[in-house]
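A.B. asks: need a structure here:
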Amino acid sequence: MTDLARLPYVEGVLSPAQVAESAAAIVAMQEPCGAVPWTVGEHVDIWNHVEAAMAMLVGGQVDAAERAFEWVPTVQRADGSWPMKIVGGRAEDERGEVNMSAYLAVGVWHHWLVRRELRFVQRFWPSVRAGLDWVVSQQLPFGGIRWTPTEEFALLAGCSSIYQSLRAGVALAELLDDPQPEWELAGGRLGHAVREHADLFADKSTYSMDWYYPVLGGPVRGRAAYDLLESRWDDFVVSGLGIRCVDTNPWVTGAETCELAMALDMIGDHRRAVTLLRDMQHLREADGRYWTGWVYDDGDKPVDEPRDVHWPVEHTTYTAAAVILAVDALGEVAGHGTAGSGIMRGTSFGPHFGELALECGCPSRERVAGLSGRTA
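C.D. replies: Below you'll find the predicted structure:
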């Protein structure tokens, strides 16, 4: 029986009971092996799987969350990476993807914040360490991290998320007294690249994730973060509905809306963050499931295209997970949050990485004693 008194809520938006329903909705789509697919019958990727585990944990579904974590090492490869897509326990897309392979660190640190179980951290540390070692081995000279070993480009949103993962990894390393200075060096270069060399990443600016993730992941902070979110607000935010996934289509998506809400929370803009969380609740079903998105009538669509409809016709685990994590983050100022509510704000991490031994041509401090520099 879930103890509702322990669950997060945001006053006037979602109650603890509604959070519990959404966590249970994720569990209902979990596979017997512990894997959490995007939706029933769809593929699994490690990033969204870990996010679902985090959401189930704060939503009171501890056993299901830990089954999800236990599954992760079973599909990790010898080089530390995970396949991009997994279906039925087998790789459908064999490529290793850096953002996905880094994110277990965030999930394990989040579990530590919520549960304070050192054995759990020790159990997963080898997988976290191998994953992050592989990720930093893919770093490019300008500081970005190539999307996969077979591509030479880096993605801004994904690399911004990796920055958070590296901070979580360093926090775990400090907890276990197993320092990882190469991760700190890579993190400094990566943060610098996101802040100063955004033009060197692959151009995905039509996607809202490329807009807000440099704030959500932590590389862009302070006044620069505020200015960045203001810069494309009108391109993506649709009052009363949420935010567009892409700036070319009248299609709002729940997960992106909740992630922007968490980015706003990071800069202290709680009013707009709560408003966005409230606005996207039109995607909620009575049983706690969430539709992925909504195609709205913007008055500019061809007559033969559908409008005012849910699309895709699916309820997704990652949307429900993003809602729960946003509720937990905002609950700290507008209701109640758990001990893990600051995971996106990074309040439990150490200081941000210094910009040391840059290889992009920008001035930086000299190489650090004992470090070889870029790992690949």
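
A.B. asks: which other residues reach the helix or strand encompassing residue 101?
C.D. replies: Element membership of residue 101 [criterion: DSSP states H and E] is helix 98-102. Here helix 98-102 makes contact (Cβ atoms under 8 Å, 6 or more residues apart in numbering) with 45-47, 80-82, 84, 131-132, 134-135, 138, 145-148, 155, 157-159, 161-162, 165-166, 169. (Each C-beta comes from the backbone N, C-alpha and C, glycine too.)

A.B. asks: what's the first helix or strand after that helix?
C.D. replies: Per DSSP H and E, the first helix or strand lying C-terminal to helix 98-102 is helix 104-115.

A.B. asks: what about that next one, average pLDDT?
C.D. replies: The average pLDDT within helix 104-115 is 98.

A.B. asks: list the contacts of it.
C.D. replies: With Cβ under 8 Å, 6+ apart, helix 104-115 has contacts from 46, 50-51, 53-54, 57-58, 62, 65, 69, 72, 117-118, 120-121, 124-125, 127-128, 131-132, 164-166, 168-169, 171-172, 175, 338-340, 342-343, 348.

A.B. asks: taking helix 104-115 as reference, get the angle to the following helix or strand past that helix.
C.D. replies: Sequence order places helix 118-136 as the next helix or strand after helix 104-115, per DSSP H and E. Relative orientation of helix 118-136 versus helix 104-115 (axes from the mean of the first three to the mean of the last three Cα atoms, to 10 degrees): 160 degrees.

A.B. asks: what about helix 118-136, distance to the chain center?
C.D. replies: Centroid separation for helix 118-136 versus its chain: 18 Å, with Cα atoms, centre = their mean, to the nearest Å.

A.B. asks: ok, now stretch 18-28?
C.D. replies: 19 Å.

A.B. asks: just the CA trace of that stretch, in CSV.
C.D. replies: Only the C-alpha atoms of stretch 18-28 are listed here, as CSV (Å, rounded to 0.1, in the frame of the first residue of the first chain):
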residue,chain,number,x,y,z
GLN,A,18,-2.8,11.4,-8.6
VAL,A,19,1.0,11.0,-8.6
ALA,A,20,0.5,7.5,-7.2
GLU,A,21,-1.8,6.7,-10.1
SER,A,22,0.7,7.9,-12.7
ALA,A,23,3.5,5.8,-11.1
ALA,A,24,1.2,2.8,-11.1
ALA,A,25,0.5,3.5,-14.8
ILE,A,26,4.2,3.2,-15.5
VAL,A,27,4.4,0.0,-13.6
ALA,A,28,1.5,-1.4,-15.6
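
A.B. asks: all helices of the stretch 251-376 of the chain, in order?
C.D. replies: For the stretch 251-376 of the chain, applying DSSP state H, counting those that start in this stretch gives helices covering 254-266, 270-279, 317-334.

A.B. asks: which other residues reach stretch 329-338?
C.D. replies: The contact list for stretch 329-338 (Cβ under 8 Å, 6+ apart) reads 6-11, 13, 16, 58, 114, 261-262, 265, 270, 273-274, 277, 327-328, 341-345.

A.B. asks: separate out the buried members of those residues.
C.D. replies: By neighbour count, with 16 or more other Cβ atoms under 10 Å, the contacts of stretch 329-338 hold 7-10, 13, 16, 58, 114, 261-262, 265, 270, 273-274, 277, 327-328, 341-345 as buried.

A.B. asks: what helix or strand does the nearest residue to residue 109 once chain neighbours are set aside sit in?
C.D. replies: Excluding the flanking residues, the one nearest residue 109 by Cβ to Cβ, 6 or more residues apart in numbering is residue 168, at 4.1 Å. Element membership of residue 168 [criterion: DSSP H and E] is helix 156-175.

A.B. asks: dump the helix or strand hosting residue 230 to CSV, keeping only the CA atoms.
C.D. replies: According to DSSP H and E, residue 230 maps onto helix 222-231. This file holds the C-alpha atoms of helix 222-231, laid out as CSV (Å, rounded to 0.1, in the frame of the first residue of the first chain):
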residue,chain,number,x,y,z
GLY,A,222,22.5,32.5,-14.1
ARG,A,223,21.5,35.5,-16.3
ALA,A,224,22.6,33.5,-19.4
ALA,A,225,20.1,30.8,-18.6
TYR,A,226,17.3,33.3,-18.2
ASP,A,227,18.2,35.0,-21.5
LEU,A,228,18.4,31.7,-23.3
LEU,A,229,14.9,30.7,-22.2
GLU,A,230,13.5,34.1,-23.1
SER,A,231,15.1,34.0,-26.5
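
A.B. asks: right, and residue 243 touches residue 256 too?
C.D. replies: Yes. Assessed by Cβ atoms under 8 Å, residue 243 is found in contact with residue 256 at 5.5 Å.

A.B. asks: can you work out which residues contact both of the two?
C.D. replies: Contacts common to residue 243 and residue 256, judged by Cβ under 8 Å, 6+ apart, are residue 208.

A.B. asks: that older thread, gap between the helix holding residue 230 and the chain center?
C.D. replies: Chain-centre distance of helix 222-231: 20 Å, with Cα atoms, centre = their mean.

A.B. asks: same question, stretch 145-157
C.D. replies: With Cα atoms, centre = their mean, you get 17 Å for stretch 145-157.
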